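Q: Requesting a structural model of the entry that follows:
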Amino acid sequence: MALPPIDPLIATGVVLSTAVTDAVYVMFNAAVSSRRRFAAANWSSLWYLLSAFAVISYTSNWAYVVFAAVGSWLGGFLSITALNRFAPSRRG
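A: A predicted model of the protein is given here:
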């Protein structure tokens with residue numbers, strides 16, 4: 001099975017958009033956990049807006065799903081790293 005053609009610019013866009021989307025999702029979950037309604041609603045809205053590019057890109061070419069997965073992993077990892085670094089420590 002041959003790999004479909006991949007546009008490097010679109011692949012980069014998919015990685016970046018899913019990374020940012022997952023970072024926003026982490027922030028959404030943090031707002032929900034803190035019971036901050038306004039912040040949670042804002043993060044949720046932004047989450048859906050950002051996911052549009054990646055979804056449209058990889059539904060037209062299945063190979064972009066790999067780039068979406070890479071971006072998703074990066075976004076989750078980096079946003080938790082940032083939360084741990086900049087949030088006050090909850091440890092006793």
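
Q: rest of the way, CA atoms for contacts and neighbours
A: OK.

Q: State the pLDDT value of P88.
A: On pLDDT, P88 comes in at 65.

Q: what about the strands in the chain?
A: Assigned by DSSP state E, the chain shows no strands.

Q: show me where pLDDT drops low in it?
A: Applying pLDDT under 70 to the chain picks out residues 53-54, 57-59, 88-92.

Q: Just want the most central residue of it.
A: With the centre of the chain defined as its mean C-alpha position, the nearest residue by Cα atoms, centre = their mean is D22, 2.1 Å away.

Q: give the contact list for that residue.
A: By Cα atoms under 8 Å, 6 or more residues apart in numbering, the residues touching D22 are W47, G71, S72, W73, G75, G76.

Q: Next, the buried residues of the helix ranked longest in the chain.
A: In the chain, assigned by DSSP state H, the helix with the most residues is helix 8-33. For helix 8-33, the neighbour count (16 or more other Cα atoms under 10 Å) marks 10-11, 13-28, 30-32 as buried.

Q: got it, and stretch 61-70?
A: A63, Y64, V65, F67, A68, V70.

Q: now it: how far from the chain's centre is it?
A: 13 Å (Cα atoms, centre = their mean, to the nearest Å).

Q: CA atoms only: put it into CSV for me.
A: Listed in CSV are the C-alpha atoms of stretch 61-70, where the atom choice follows Å, rounded to 0.1, in the frame of the first residue of the first chain:
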residue,chain,number,x,y,z
ASN,A,61,-6.0,12.5,3.6
TRP,A,62,-5.8,9.7,6.2
ALA,A,63,-2.0,10.1,6.4
TYR,A,64,-2.4,13.4,8.3
VAL,A,65,-3.8,11.4,11.2
VAL,A,66,-0.2,10.6,12.1
PHE,A,67,0.7,14.3,12.3
ALA,A,68,-2.4,15.0,14.3
ALA,A,69,-1.3,12.3,16.8
VAL,A,70,2.1,13.8,17.1
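
Q: Good, wrapping up.
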